[in-house]
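Asks: heads up, no residue letters with this:
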């Protein structure tokens, strides 16, 4: 991360800068109280994006958040909460651990309530990003013909390339789990899972049915490609998928789904378009057969962890095996929400 180009966090349509931090500060959960002081640059300027209610006692605003994240607002010995209250001249009420509810901010001045709300939102967003992925959006590719073609490909790779560095059966996808990934999510409550399902239904009603014509999408899976620049140091090998009629409908569909979820904050915006791929080999599978996406560097309780990832030499796979058998299949136009 460059000092002159810091990471931006978008909350309710407004952008906030996040100062560079050293990952080593998260080796112990006890260091979380230092995060508030050193890592977030916030604005105390009035913000019209928040709903602030005027009451006989002053002003009031509420924040909905999963109970798992409450402790990061409280901080060690309550220090983070106290610091926000003192600096913004507000009072913050947080539900007890394990209880669902809303964080309530009250104060005599509207700007103080808004400032506290801004700081809490930035903290919630930052610590949410450290949680392991819990769900992902995808199309299933587990038809019998696809599974058989994949197993044939796997057999040829192990027969011809098993002596190549890092190539073994542990890094192949489970044929029953073949899918096209659209995006990764962190859903920390049943309410967020329900919200995601409702958003998918709205996507289907508002544009998915129109793009697909209300029918399954006829696609072909053919050929393989690798994610990085060096075929001798590969972490992910994936199958390429495209529409049989040569149209861009599948790409348009997934891009619009991604855009909708990014706008809602359920998916962090890291790119503007989905790179359609069906993972067939992934070095993450060596230690976790259910791994999806990139490595998460933090455990559920916020502790930093280090995982070494061993790449494999994919040159002979690309040269001698070359590609998966050409397979035609029908994708149901409804995107699925799957648990990681």
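Replies: Sure, I can see it. Fair warning: this is a prediction, and the values are worked out from it, not measured in the lab. Numbering: from 1, shown residues only.

Asks: ok, then the element right after the helix or strand of the chain with the lowest mean pLDDT?
Replies: Within the chain, no helix or strand scores below helix 32-38, which has a mean of 51 by mean pLDDT, DSSP states H and E. For helix 32-38, the succeeding helix or strand toward the C-terminus, using DSSP states H and E, is strand 53-55.

Asks: and the next element down the chain from that following strand?
Replies: Sequence order places strand 58-64 as the next helix or strand after strand 53-55, per DSSP H and E.

Asks: what lines up beside the longest strand seen in the chain in the sheet?
Replies: The residue-count maximum for a strand in the chain (DSSP state E) belongs to strand 217-226. Here strand 217-226 is paired, per DSSP bridges, with strand 236-243 (antiparallel), strand 327-331 (antiparallel).

Asks: Show the model's pLDDT score for residue 264.
Replies: Residue 264 carries a pLDDT score of 82 in this model.

Asks: how close does it get to residue 284?
Replies: According to CB to CB, to the nearest Å, residue 264 stands 27 Å off from residue 284. Placement of C-beta: from N, CA and C, glycine included.

Asks: which one of those two has more residues nearby?
Replies: residue 284 (19 against 11; other CB atoms under 10 Å).

Asks: The more buried one belongs to a strand?
Replies: No: Residue 284 sits outside any strand when classified using DSSP: H, G, I helix; E, B strand; the rest coil, being helix.

Asks: Quick check: bridge partners of residue 135?
Replies: Residue 135 forms beta bridges with residue 185, residue 339, as assigned by DSSP bridges.

Asks: so who does it touch?
Replies: With contacts defined as CB atoms under 8 Å, 6 or more residues apart in numbering, residue 135 is in contact with 184, 185, 186, 187, 193, 196, 337, 338, 339, 340.

Asks: can you do 7 Å?
Replies: 185, 187, 337, 338, 339, 340 (CB atoms under 7 Å, 6 or more residues apart in numbering).

Asks: Can you lay out these as TSV showing distance to residue 59?
Replies: Shown next, in TSV, are the contacts of residue 135 (distance: CB to CB, whole Å):
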residue	distance to residue 59
185	33
187	31
337	37
338	42
339	40
340	40
